[in-house]
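**Q** what follows is a predicted structure for the sequence shown.
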Amino acid sequence: MTDEASSFSYYRGTKEPSFATRTELEAAKLFDYHRIAWEYEPRTFILDQDERGNIVEAFTPDFFLPDLDLFIEVTEMKQSLVTAKNRKVRKLREKYPDIRIKLLYRKDFVRMAQKYGL
Amino acid sequence: MTAPLPSAISLCEYGSRDERIGEIYLDAAAIDRRVLELGAQITHDYQGQDLLLISILKGAIFFMADLARAIDLPVEIDFLAISSYMHEHGETGKKAIRFLKDLDRPVKDKNVLVVEDMIDSGLTLHYIMRSLGLRRPRSLEVCTLFDRPYQRLVDIDVRYVGFEVPDDFFVGYGFDYRQLFRNIPHVAYLRLEPRQPTLF
């Protein structure tokens, strides 16, 4: 996937993104297509720590769109993944109320494709 | 004397016979009522002013045509066409949204109302609004027939909304499935095949 990544025009990160899934790659293409600047996994949020301050749970959203001040987490349609990511997003919102984050589902890509000429 | 035209419903009945088309979500009468309400509201809001309606091809053309006739003001119309995401990625190698068809005339100092069929993520509309905003219209607003605000990624102020709709596939009244069914006079659910249409 790195070959495709190098062709992005609106990527604003410093090192080349290494996408974990095909859906992430397609999300990146979608942002690029819409001429929206994006970064890949630029920040990790601590969600839970133990008494000693060790990190118990953390969350790294897939994308940050600096112009929109918005983090994006993309997810496949598999219910277990959706449930787990929804939980993390909810927890992040509770812990960091000033952070704007949204879940982008795979089916959303399908719908946009349907609308614009497939 | 000209004979009255048959109603749209009697002109196009295949929507009830094609097995790919499911139950009616909104019948033609319900759409008509809401379009008239929107037209009245827009007429009130732009009283004494000219108005340019800009439709995004192709989905919004039926809504645009009905809405324009429901507005009791001097209305100008124009059209934009946007490049297809799949086409750009799959065939040409170009990878950015662009206008396949731009407006015919400048919008500077005009009241512009962008007429959409559906707003979901707002990504495409964001690009359109940014581009039109740079052309310095007097005002720039949005009217959409259908809205899915719960899918919004980009915050856009949508002034006129016909209906908030659920997360389903629709056909008819401009909405298509692989370019078919736009001409059905009502909006119906699409019966998806076992292998759903996918982007990749």
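**A** Arrived safely, thanks for sending.

**Q** in stretch B:57-68, what's buried?
**A** By 16 or more other CB atoms under 10 Å in any protein chain shown, the buried positions in stretch B:57-68 come out as B:58-68. For glycine as for every other residue, the C-beta is placed from the backbone atoms N, C-alpha and C.

**Q** specify which member of those is nearest to chain A.
**A** residue B:59 (6.5 Å; CB to the nearest CB).

**Q** residues in contact with residue 105?
**A** In the absence of a named chain, this looks at chain A. By CB atoms under 8 Å, 6 or more residues apart in numbering or on different chains, the residues touching residue A:105 are A:74-75, A:77, A:82.

**Q** let's do chain B instead
**A** B:76, B:78.

**Q** and residue A:64, what are its bridge partners?
**A** Here residue A:64 sits in beta bridges with residue A:39, residue A:71, as judged by DSSP bridges.

**Q** that one contacts residue A:72, correct?
**A** Yes - contact criterion CB atoms under 8 Å: residue A:64 and residue A:72 qualify, at 7.5 Å.

**Q** ok, back up a step: which ones among the contacts of residue A:105 lie within helices?
**A** residue A:82 (DSSP state H).

**Q** buried sites along the longest helix seen in chain B?
**A** Criterion DSSP H: the longest helix present in chain B is helix B:28-45. Neighbour-count burial for helix B:28-45, counted by 16+ other CB under 10 Å, picks out B:28, B:31, B:34-35, B:38-39, B:42, B:45.

**Q** quick one: which of the buried residues of stretch B:57-68 sit in helices?
**A** Counting by DSSP H, the buried residues of stretch B:57-68 place B:61-68 in helices.

**Q** count the residues that sit near the closest residue in space to residue B:151 that isn't next to it in sequence.
**A** The spatially closest residue to residue B:151, leaving aside those adjacent along the chain, is residue B:120, at 4.2 Å (CB to CB, 6 or more residues apart in numbering or on different chains). Using other CB atoms under 10 Å in any protein chain shown, residue B:120 has 22 neighbouring residues.

**Q** now tabulate the buried residues of stretch B:57-68 in a markdown table and tack on pLDDT and distance to residue B:51.
**A** Output for those, formatted as a markdown table (pLDDT from 0 to 100; distance: CB to CB, whole Å):
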| residue | pLDDT | distance to residue B:51 |
| --- | --- | --- |
| B:58 | 91 | 22 |
| B:59 | 91 | 21 |
| B:60 | 95 | 16 |
| B:61 | 94 | 18 |
| B:62 | 96 | 19 |
| B:63 | 97 | 16 |
| B:64 | 97 | 12 |
| B:65 | 97 | 15 |
| B:66 | 97 | 15 |
| B:67 | 98 | 11 |
| B:68 | 98 | 9 |
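
**Q** restrict those residues to those near chain A?
**A** residue B:59 (CB under 8 Å from any CB of the partner chain).

**Q** tell me the one among the buried residues of stretch B:57-68 nearest to residue A:14.
**A** Distance ranking of those against residue A:14, using CB to CB, places residue B:59 first at 39.3 Å.
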